[in-house]
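[1] Have a look; sequence and predicted model below, questions after that.
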Amino acid sequence: MQENHLKNLILRPPIVVVMGHVDHGKSSLLDFIRKTNIVAKEAGGITQSIGAYEIIHNNKRITFIDTPGHEAFSKMRSRGATIADLAILVVAADDGVKPQTKESIEILNSTKTPFVIAINKIDKNNADVEKTKNDLMANNVFLESYGGNISWQGISAKTGQGINELLDLILLAAEMENLTYDPNADTSGFIIETEADSRRGVIATAIVKNGTLKTNDKIATATAFGKIKILEDFLGEKAETLSPSSPALILGFETLPQTGEEFLAGENAETIYKKPLKIKPREKNEELKKDQTTLNLILKADVSGSLEPLSEIIKNLNQEKVKINIISESIGEITDGDIKNASSSNAIIIGFRVKTNKIAENLAKAQNIKIISSEIIYELIDAVQNEIKLREKPLPLGEIEILKFFSQKGKEQLIGGKVLSGSLKNNIRIKIIRNNEEIGMGKITSLRQQKQTANEVKASEECGLIFESDISISAGDHLLWQ
């Protein structure tokens, strides 16, 4: 039986993950290889979700997984290394080993993923290949010709110099690994991305590792189940079957599988599926610290691979004075259900690479729900940080500038001023601000306009008032009320 099994094995193409520090040229390298312009399409020039692509070199197929380089995407990089057979670690010759380079080395070592080094940007005037090699050696990456066994190639993703030689190294490394699959085995692989499309339903991007993936097959992961209704290759073209190492677009899951999960397809698919346990709601051990307030957020993203890092970064923001409470996080467009959820929980909606449907847009305007959307994840982080700052120092409901001091009798002072914002009323407690610092509190006991008693003075109007406080008021002071 074992001999028959071995006879069935067929060589398969390598699955290669591209890793390295942000801006070191990973996407530019794939760009040149594929003769496309993916980098220009990436908002902010940063790859923000995993993509899988197939190329032909010397009549042999190679599948590439592109992973984000910024530190916020460490989970996605780790996932990519686990799925891949080989890796290219891109290091810029003008920059050397950086934090995400080190993290990538740790991931590759821990997952025991064989890798080659691409020293990029050798066309730049300030490129220093020797220093870059020494940097790598200092981080226990021992290169060939330096007494080690890790292959390297100097390249320019801009001009294409050295890229053919780099691909030759990949094919050579693949031969050494003797990558095979059994066409008669149960089909298996990994989910690398998921999204919910309003027209097409649940879409999963996957990499096939064994067997043959076929339309109408049952398919399952530990958390999702379905039947393959439509199968597409990485170019979006329909396919009846896909063999190992092929990127696949799968339509037919009933619910969203988790990114990074293994899938099984065929008659035995259901054996991997486990009905998800009901997750207890997060206990509210969120007792606010003294002087701490809460910022409620609803997170929306285009795909699960984008939602995960967005959520992680936001959860790790400084919460000393403002507690961040994520009400919900999901993928797909912003709907009226999200608006209703935001309205009932007094939340702001954060949308990454998603649209707001027309009904939701109108409802948000009617209910004054704030939606912050962007194609760039770091713009959203900046926006959340701005919301935190606003809550660290709550905006006053109103403010009056004191224009003149008239007289004082005990604690009672007769003063005049102009309301800058809000609405000023009798018997409210007020903060006294002098030179941008709070110096005390007081209370309004009487309001007058044009020598007559007034119940309320609105913004831009002037008034006289009797103010009771231990602090003597001066012209130029500001009084604030919450």
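    In hand now; what should we look at? Keep in mind that this is a model prediction, so the values were computed, not measured.

[2] Could you tell me which residues make contact with Thr212?
    Thr212 makes contacts with Pro183, Thr187, Thr241, Leu242, Ser243, Pro244, as judged by CB atoms under 8 Å, 6 or more residues apart in numbering. From N, CA and C alone the C-beta is placed, and that goes for glycine too.

[3] Could you tell me which of those residues belong to strands?
    Residues of the contacts of Thr212 located in strands (DSSP state E): Thr187, Thr241, Leu242.

[4] Which one of these is nearest to Asp233?
    Nearest to Asp233 out of those is Leu242 (CB to CB; 6.6 Å).

[5] Surely the closest one and Ala248 touch.
    Yes. With contacts counted by CB atoms under 8 Å, Leu242 reaches Ala248, the gap being 4.9 Å.

[6] Overlap in contacts, these two.
    Listed contacts common to Leu242 and Ala248 are Val208, Leu213, Leu231, Asp233; contacts here mean CB under 8 Å, 6+ apart.

[7] Neighbour-wise, which one of the ones in strands among the contacts of Thr212 leads?
    Most neighbours among the ones in strands among the contacts of Thr212, by other CB atoms under 10 Å: Thr187, with 26 neighbours.

[8] Mind listing the residues bridging to that residue?
    Thr187 has the following beta-bridge partners by DSSP bridges: Ala265.

[9] Same check on Arg61?
    Here Arg61, judged by DSSP bridges, has bridge partners Ile56.

[10] My guess is it contacts Val16. True?
    No. Using CB under 8 Å as the test, Arg61 is too far from Val16 to be in contact (10.9 Å).

[11] Skipping adjacent residues, who's closest to the residue sitting nearest the centre point of the chain in space?
    The residue lying closest to the centre of the chain (CA atoms, centre = their mean) is Leu310, at 3.0 Å. Closest residue in space to Leu310, ignoring its immediate chain neighbours: Phe352 at 5.4 Å, by CB to CB, 6 or more residues apart in numbering.

[12] residues in contact with the one you found?
    Residues near Phe352 by CB under 8 Å, 6+ apart: Leu299, Lys300, Ala301, Asp302, Ser306, Leu307, Leu310, Ser373, Ser374, Glu375, Ile377, Leu380.

[13] Next one: it relative to Glu329, how far apart?
    Distance of Phe352 to Glu329, given as CB to CB, to the nearest Å: 10 Å.

[14] Can you work out which residues contact both of the two?
    Counting by CB under 8 Å, 6+ apart, the residues touching both Phe352 and Glu329 are Leu299, Lys300, Ala301, Leu307.

[15] Of those, just say which sits nearest to Ser151.
    Of these, the one sitting nearest to Ser151 (CB to CB) turns out to be Leu307, at 36.4 Å.

[16] Mind telling me what element the closest one is part of?
    Assigned by DSSP states H and E, Leu307 belongs to helix 304-315.

[17] Let me see the ranges of the helices in this protein.
    Here the chain has its helices, by DSSP state H, at 2-8, 26-34, 38-41, 74-83, 99-110, 129-138, 163-177, 304-315, 336-345, 358-367, 377-392.

[18] Could you tell me the least trusted of those?
    When those are compared on average pLDDT, helix 38-41 comes out lowest at a mean of 50.

[19] Now distance to Ala224 too, for the helices of the chain, in a markdown table please.
    As requested, the helices of the chain are arranged in a markdown table below (distance: least, CB to CB, whole Å):
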| stretch | distance to Ala224 |
| --- | --- |
| helix 2-8 | 29 |
| helix 26-34 | 29 |
| helix 38-41 | 28 |
| helix 74-83 | 17 |
| helix 99-110 | 26 |
| helix 129-138 | 41 |
| helix 163-177 | 30 |
| helix 304-315 | 11 |
| helix 336-345 | 21 |
| helix 358-367 | 26 |
| helix 377-392 | 25 |
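
[20] Leu171 versus Asn368, what's the distance?
    Distance, Asn368 to Leu171, by CB to CB: 59 Å.

[21] Among those two, which residue is more densely surrounded?
    Legend: neighbour count by other CB under 10 Å for Asn368 and Leu171, higher for Leu171 (17 against 7).

[22] that older thread, dump the shared contacts of Phe352 and Glu329 to JSON lines, plus neighbour count and distance to Arg434.
    JSON lines is the format used below for the shared contacts of Phe352 and Glu329 (neighbours: other CB atoms under 10 Å; distance: CB to CB, whole Å):
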{"residue": "Leu299", "neighbour count": "23", "distance to Arg434": "42"}
{"residue": "Lys300", "neighbour count": "26", "distance to Arg434": "45"}
{"residue": "Ala301", "neighbour count": "26", "distance to Arg434": "46"}
{"residue": "Leu307", "neighbour count": "23", "distance to Arg434": "47"}
